[in-house]
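*Asks:* No letters, just coordinates:
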């Protein structure tokens, strides 16, 4: 069996058993599972155990089993997966356990009004972890000889806790008379961080205890140490994982994969194999749609898994298995040149944890739209053909000099030490682009401009090439002193008048620092208009004129520059036709794009160039330190392999 740390492709099935179930496991058979495993050949399966309702799908002596169990599903899945050499993990809801809170209110997280959580969230300060979670996991691990667990409903389900135990812990830690109840109260941010640290203590507690119980267990907590928790890793997770949005999935994965790839732990992302059309029960995604989603993850070196729900009786029909098998085959053909690759540093896009935690009122969530600016800038950079890594401060501070350019997407706050590190990075020859009035203000002394007052919310139009379009919002008025204006904005779509400065660039030491003085990321996230993208291109050329790869092709092709075993890997991923709008939930056709021309800067002429998965040699032209490659067509995903 492949360890989870080495695993590449998996399947996830959960049902969230409840008190109303009547047929759990009734239709499960060894033959059904045999057929699935033979066709799909996953490295692992994650199967249902306990969902957010708190009821288990197996007969438990520790908690509350669903009254609708007809067959022991886990026992059958364990028997067959062992026969096939496939690892078996469980889906288990952690913090979110409704029935536990109903039966034991002393286990509950309390609201600011002093009442047990109405949704069934447990307290990480209370005895739930010792009296139910750990004993029940030991029971199920021992009973079925499982390989580990994917703990759901954990970090993202945690809310500020006003239980007696939490309040007492806060008083002892701070000397305060009470805990803050709202963002208007003093010490609110400190209170949120206190709750975050407590979750990490809770997480460490059950992970350490279960690893002592069985050192071979491999475990994760869904979304911990992802963009929802942009903090240094402290808990002993064996891998990190998350199930991204079932709708607008490609865009969600584009962001999350680029963050997870820099956490330095084995990681995977989980696609939902179905979507929820408005007013309708779930509809399943096609193999084409899932292959496009998988390509995003493969391009960043991660593992991939797909989530399905069997019927309530556990049946998985052959037509669904056929989709799984087609997606699995697509991934396997690319595994050698996708899994566990390393980034070739090009553009570093900063996800500032300092800015994020300064503005969020949640513990482990980005539902407030705080990441919209960084996602907007990411989309624009990818659609310009740049290879982009998303990094938080602690991930990049010791390797700034590896990146030719760092982009700050509407970052409003930085620690002084990190700000100074960025300035020194530029002085030593790096390039920095600050986007947004607040990000620019952080470098007021270095930008070579005079700031005039505060940002003003205005209508603005940008001229990019032969197209003019809107880029309204808060703009900072500036006057260049030593800087050079490299873009202008206008109050209407009449560019005959002089307009105002929209972007500047100046030299600083051996490097360059530039700024765009409006909210480009926020606006691009909302509208994805080409004139904004082209405006960003003109600015990026000033700070990063010589990327390793230059792509001539449509904006729907993402470029990811990776390396493995001394080979340069250029992942090309076609986003054309991706599902975005909720009125179009299922995609069954991805239009091919091409021809694509790539110019690759190399130290020397390569010995061979070929395309995966076709494994065909690609003709190329070597001239002046550049390799020119033309691909007639790209369907969903391909990897150009360049050997020195």
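*Replies:* Ah, there it is. A quick note: this is a predicted structure, and the numbers were derived from the prediction, not measured.

*Asks:* May I ask which helix or strand encompasses residue 245?
*Replies:* Assigned by DSSP states H and E, residue 245 falls within no helix or strand.

*Asks:* distance of it from residue 366?
*Replies:* In this view, residue 245 and residue 366 are 12 Å apart by Cβ to Cβ, to the nearest Å. C-betas here are computed from N, CA, C, even on glycine.

*Asks:* So those two - more neighbours on which side?
*Replies:* Each of residue 245 and residue 366 has its neighbours counted (other Cβ atoms under 10 Å); residue 366 has more, 20 against 14.

*Asks:* dump the residue contacts of the more buried one.
*Replies:* 227-228, 356, 360 (Cβ atoms under 8 Å, 6 or more residues apart in numbering).

*Asks:* from these, which is closest to residue 604?
*Replies:* Nearest to residue 604 among those: residue 227, at 38.0 Å, using Cβ to Cβ.

*Asks:* For the residue lying closest to residue 298 once chain neighbours are set aside, give its distance to residue 520.
*Replies:* Leaving aside its chain neighbours, residue 298 sits nearest to residue 338 (3.9 Å; criterion: Cβ to Cβ, 6 or more residues apart in numbering). Applying Cβ to Cβ, one obtains 31 Å for the distance of residue 338 from residue 520.

*Asks:* Have a look at these two and say which one is more surrounded.
*Replies:* residue 338 (30 against 27).

*Asks:* Contact partners for the more buried one?
*Replies:* 298-299, 301, 331, 571, 639.

*Asks:* just how off-centre is the top helix by length along the chain within its chain?
*Replies:* In the chain, assigned by DSSP state H, the helix with the most residues is helix 188-213. Centroid separation between helix 188-213 and its chain, computed with Cα atoms, centre = their mean, to the nearest Å, is 22 Å.

*Asks:* cool, stretch 169-186 as well?
*Replies:* 32 Å.

*Asks:* likewise stretch 427-441?
*Replies:* Counting by Cα atoms, centre = their mean, stretch 427-441 is centred 24 Å from the centre of its parent chain.

*Asks:* What count of nearby residues applies to residue 594?
*Replies:* Residues lying near residue 594 (other Cβ under 10 Å) number 15.

*Asks:* who touches it in this structure?
*Replies:* Contacts of residue 594 by Cβ under 8 Å, 6+ apart are 553, 631-634.

*Asks:* Quick one: buried ones out of those?
*Replies:* 553, 631, 634 (16 or more other Cβ atoms under 10 Å).

*Asks:* Could you give the bridge partners of the last one?
*Replies:* According to DSSP bridges, residue 593 are recorded as the beta-bridge partners of residue 634.

*Asks:* from what I can see it touches residue 591, true?
*Replies:* No - contact status for residue 634 versus residue 591: not in contact, 10.4 Å apart, counting by Cβ atoms under 8 Å.

*Asks:* okay, and the common contacts of these two?
*Replies:* In contact with both residue 634 and residue 591: no residue, using Cβ under 8 Å, 6+ apart.

*Asks:* on that earlier part again, most neighbours out of the contacts of residue 366, which is it?
*Replies:* Top of the contacts of residue 366 by neighbour count (other Cβ under 10 Å): residue 227, with 23 neighbours.

*Asks:* How many residues are close by the residue lying closest to residue 308 once chain neighbours are set aside?
*Replies:* In space, and not counting its chain neighbours, residue 308 is closest to residue 273: 4.5 Å by Cβ to Cβ, 6+ apart. Residues near residue 273, counting by other Cβ under 10 Å, number 26.

*Asks:* per-residue confidence for residue 379?
*Replies:* Note on residue 379: pLDDT of 99.

*Asks:* Is it in a helix, a strand, or coil?
*Replies:* Secondary structure for residue 379, judged by DSSP: H, G, I helix; E, B strand; the rest coil, is helix.

*Asks:* With residue 506 instead?
*Replies:* Going by three-state DSSP: residue 506 is strand.
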